[in-house]
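Engineer: I need the structure of the sequence given here:
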Amino acid sequence: MAVLNLGPNQAARLVAAFMRRAREFREWADRPRRIELRGRKLLREWLSADQLRQYDEHEYFEVTGCHTGKRYRISLGTQRNVYQLDDLGRLRVGLCFAPRVSLVAGDVMLAQKIALENDERGVLAIANAFALTGFEQA
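Structural biologist: Reported below is the predicted structural model:
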């Protein structure tokens, strides 16, 4: 095994370079988590007190459509995560709609909330309805 023959200044520079690279890698690897947390933080800022309680307890919250007054549940996720509720609060039908660009869950959920509360008819015109499975009912 060869031993590096480095002077004290060279060794210090080498260690500093390795430390810099390790920090850069850690920041790169942690970036998706930071983006996700930032999206959830923004969502939480826009939720009412009741919606925030629901979200904290169940990872979903409910909104009321601005045109029909129907209730919708928005679950944690980016697709197939919106459900129309019946008068008893049971899931009735699923709705799939999301922004055209790729966003983290918190940002998608906030966009879905704003859309249903401000342009329910527009949402219903573009959303793809899907039948519920036993999984959604659980």
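Engineer: report the central residue of the protein.
Structural biologist: For the chain, the residue lying nearest the average C-alpha position, counting by CA atoms, centre = their mean, turns out to be A105 (1.5 Å).
Engineer: which one is that one nearest to, not counting chain neighbours?
Structural biologist: The spatially closest residue to A105, leaving aside those adjacent along the chain, is T78, at 5.3 Å (CB to CB, 6 or more residues apart in numbering). (Glycine included, C-beta is placed from N, CA and C.)
Engineer: quick one, helices of this structure?
Structural biologist: Assigned by DSSP state H, the helices in the chain fall at 8-46, 49-58, 105-118, 120-126, 134-137.
Engineer: quick one: closest of those helices to G89.
Structural biologist: When those are ranked by distance to G89, counting by CB to CB, first place goes to helix 49-58 at 11.4 Å.
Engineer: quick one, that closest one and helix 105-118 angle?
Structural biologist: With axes from the mean of the first three to the mean of the last three CA atoms, to 10 degrees as the basis, helix 49-58 and helix 105-118 are set at 140 degrees to each other.
Engineer: coming back round to it: just to check, the residue nearest to the centre of the chain is in contact with R40?
Structural biologist: Yes - if you go by CB atoms under 8 Å, A105 and R40 touch, sitting 7.3 Å apart.
Engineer: and the gap between V108 and L43?
Structural biologist: Using CB to CB, to the nearest Å, we find V108 at a distance of 9 Å from L43.
Engineer: make that I74, sorry
Structural biologist: Separation of I74 from L43 (CB to CB): 10 Å.
Engineer: repeat for I114
Structural biologist: Taken as CB to CB, the span from I114 to L43 is 11 Å.
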